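Peer 1: okay, here's the prediction I keep looking at, along with the sequence it came from:
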Amino acid sequence: MTIKTRFTELMGIEHPIVQGGMMWVGRAELAAAVSNAGGLGLLTALTQPTPDELRREIDRCRAMTDKPFGVNLTILPSVNPPPYAQYRRAIIESGMTIVETAGHKPQEHVEDFKSHGIKVLHKCTSVRHALSAERMGVDVISIDGFECAGHPGEDDIPGLVLIPAAADKVKIPMIASGGFGDGRGLVAALALGAEGINMGTRFCATVEAPIHQKAKQLLLDNDERGTRLIFRNLHNTARVGANSVSQKVVEILSHPESKFEDVAHLVRGAQGRMLLETGDLDAGLIWAGQVQGLIHDIPTVAALIARIISDASDIIAERLTSMAA
Ligand SMILES: Cc1cc2nc3c(=O)[nH]c(=O)nc-3n(C[C@H](O)[C@H](O)[C@H](O)COP(=O)(O)O)c2cc1C
């Protein structure tokens with residue numbers, strides 16, 4: 001059985017499974033593996049230190065797959081923001097046709113991408129932001145529930161409510177994100193009104209994910225309780241994996257007078273990168289979601305996607321059909 005939705009048709013892909021943008025992880029090896037397996041792989045623009053290096057990474061990915069793939073551009077508030085407009089130019093001039101935007105105030109980026117005929121998936125964490133992105137003209141909403149790795153927003157609404165609440169209002173195709181890792185999740189997402197799923201953490205525990213084996217093993221060893229919410233008091237909540245660093249950050253920020261500067265030395269992106277590259281699990285933060293509780297192996301991307309589709313098809317054709325009879 002294949003699972004065809006408006007999303008697979010629009011993107012020209014075989015399976016309704018997206019590999020979300022992931023800092024330090026969303027490189028050509030992983031994105032190409034996902035696209036070759038029939039899903040939609042995404043490079044993460046800001047993982048490349050300069051816009052020119054992003055152009056080269058796009059070329060490298062093109063050499064690894066002839067299937068559709070995209071680029072994630074994440075716009076986050078920052079003291080020294082990266083040159084977003086130059087990264088956007090690199091994406092457009094490289095002839096990309098699919099982009100995932102995420103973060104704050106995407107309008108100028110969305111307008112520029114759309115004026116160049118690029119299909120835009122916008123990832124957001126609330127129904128109101130989904131509706132404003134739809135009005136802005138994006139093609140697909142990726143709705144990210146509270147379970148997710150990364151930035152779940154400040155409303156704390158899990159996917160079980162957020163996905164159907166968004167599906168009730170959003171008219172364009174919508175995919176569900178946060179907490180997905182297997183065929184059961186895919187069927188649930190489709191039942192709740194989504195037309196596909198987006199996964200981050202699950203794709204980190206695959207053979208092709210360009211991170212250290214010990215980091216992959218941590219995702220297997222942690223269960224569904226193995227995350228910490230940090231930056232809550234700064235109204236920039238982030239869900240990361242449980243380790244000594246995230247624990248320390250939670251403790252420091254639990255003091256009423258605490259500020260970002262008190263933890264800045266612990267949360268630098270370069271330290272998270274070191275963790276992923278060296279396998280030193282106390283080097284920094286590791287982004288990971290509650291779906292760690294559903295990760296029990298490190299398969300190839302192709303094996304993972306084939307298993308999700310086959311399990312989802314069995315659930316639809318057998319378990320659910322027999323119940324409905
Ligand atoms: C290691 C890692 C890095 C991530 N970096 C980004 C990022 O740079 N930009 C972004 O939009 N989302 C980022 N995310 C979030 C994912 O794209 C995706 O929305 C999220 O992982 C979905 O939840 P899940 O982990 O439960 O599948 C990251 C997730 C992980 C696991």
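Peer 2: That came in fine, so what should we check first?
Peer 1: nearest to the ligand: which residue in the stretch 1-150 of the chain?
Peer 2: Nearest to the ligand, among the residues of the stretch 1-150 of the chain, is Gly20, at 2.5 Å (C-beta to the nearest ligand atom). Where C-beta positions appear, they are placed from N, C-alpha and C, glycine not excepted.
Peer 1: for the stretch 151-300 of the chain, same thing?
Peer 2: For the stretch 151-300 of the chain, C-beta to the nearest ligand atom, closest residue to the ligand: Gly200, 2.0 Å.
Peer 1: so what's that residue closest to, chain neighbours aside?
Peer 2: Ranked by C-beta to C-beta, 6 or more residues apart in numbering and with sequence neighbours excluded, the top spatial neighbour of Gly200 is Gly20, at 4.5 Å.
Peer 1: quick one: the one you found from Val79, how far?
Peer 2: Here the criterion is C-beta to C-beta, to the nearest Å. By it, Gly20 lies 25 Å from Val79.
Peer 1: the two: who's more crowded?
Peer 2: Gly20 (29 against 6; other C-beta atoms under 10 Å).
Peer 1: could you check how far that one is from Ile197?
Peer 2: Taken as C-beta to C-beta, the span from Gly20 to Ile197 is 10 Å.
Peer 1: hey, what's in contact with both of those two?
Peer 2: Common neighbours of Gly20 and Ile197 are listed as Ser177 (criterion: C-beta atoms under 8 Å, 6 or more residues apart in numbering).
Peer 1: helices along the stretch 1-150 of the chain, start to end?
Peer 2: 6-11, 28-36, 51-64, 84-93, 107-115, 127-136 (DSSP state H, counting those that start in this stretch).
Peer 1: okay, those, which one's buried deepest?
Peer 2: Mean neighbours per residue, mean count of other C-beta atoms under 10 Å, is largest over these for helix 28-36, with a mean of 24.
Peer 1: okay but the residue of the stretch 151-300 of the chain closest to the ligand is in contact with Ile17, surely?
Peer 2: No: if you go by C-beta atoms under 8 Å, Gly200 and Ile17 don't touch, sitting 11.9 Å apart.
Peer 1: hang on, the earlier thing: can I get the helices of the stretch 1-150 of the chain in JSON lines including distance to the ligand and mean pLDDT?
Peer 2: As requested, these are arranged in JSON lines below (distance: least, C-beta to the nearest ligand atom, whole Å; pLDDT from 0 to 100):
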{"stretch": "helix 6-11", "distance to the ligand": "16", "mean pLDDT": "98"}
{"stretch": "helix 28-36", "distance to the ligand": "11", "mean pLDDT": "98"}
{"stretch": "helix 51-64", "distance to the ligand": "13", "mean pLDDT": "98"}
{"stretch": "helix 84-93", "distance to the ligand": "12", "mean pLDDT": "98"}
{"stretch": "helix 107-115", "distance to the ligand": "13", "mean pLDDT": "97"}
{"stretch": "helix 127-136", "distance to the ligand": "13", "mean pLDDT": "97"}
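Peer 1: output these as CSV; include the columns distance to Asn72.
Peer 2: Output for the helices of the stretch 1-150 of the chain, formatted as CSV (distance: least, C-beta to C-beta, whole Å):
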stretch, distance to Asn72
helix 6-11, 14
helix 28-36, 9
helix 51-64, 11
helix 84-93, 10
helix 107-115, 12
helix 127-136, 15
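Peer 1: closest to Lys248 out of the ones you listed?
Peer 2: When the helices of the stretch 1-150 of the chain are compared by C-beta to C-beta, helix 28-36 sits nearest Lys248, at 29.3 Å.
Peer 1: now for Ile252: which residues touch it?
Peer 2: Residues near Ile252 by C-beta under 8 Å, 6+ apart: Ser258, Asp262, Val263, Leu266.
Peer 1: could you redo the last one with a cut-off of 7 Å?
Peer 2: Neighbouring residues of Ile252 by C-beta atoms under 7 Å, 6 or more residues apart in numbering: Ser258, Asp262, Val263.
Peer 1: check Ile143 too.
Peer 2: Ile143 makes contact with Cys124, Ala130, Leu162, Ile163, Ala166, Met174, Ala176, Ser177, according to C-beta under 7 Å, 6+ apart.
Peer 1: can I assume Gly200 is in contact with His151?
Peer 2: No: assessed by C-beta atoms under 7 Å, Gly200 is found out of contact with His151, at 11.3 Å.
Peer 1: neighbour-wise, which of these two wins?
Peer 2: Ranked by neighbour count (other C-beta under 10 Å), Gly200 and His151 place Gly200 first, with 25 against 21.
Peer 1: ok, now how distant is that one from His129?
Peer 2: 18 Å.
Peer 1: show me the helices in the stretch 151-300 of the chain, by range?
Peer 2: Listed in chain order, the helices of the stretch 151-300 of the chain (DSSP H, counting those that start in this stretch) span 159-167, 183-191, 201-204, 213-221, 244-253, 264-267, 269-278.
Peer 1: go through those helices and pick out the most buried.
Peer 2: Ranked by mean neighbour count, those are led by helix 201-204 with a mean of 28 (mean count of other C-beta under 10 Å).
Peer 1: what mean pLDDT does that helix get?
Peer 2: For helix 201-204, the mean pLDDT works out to 98.
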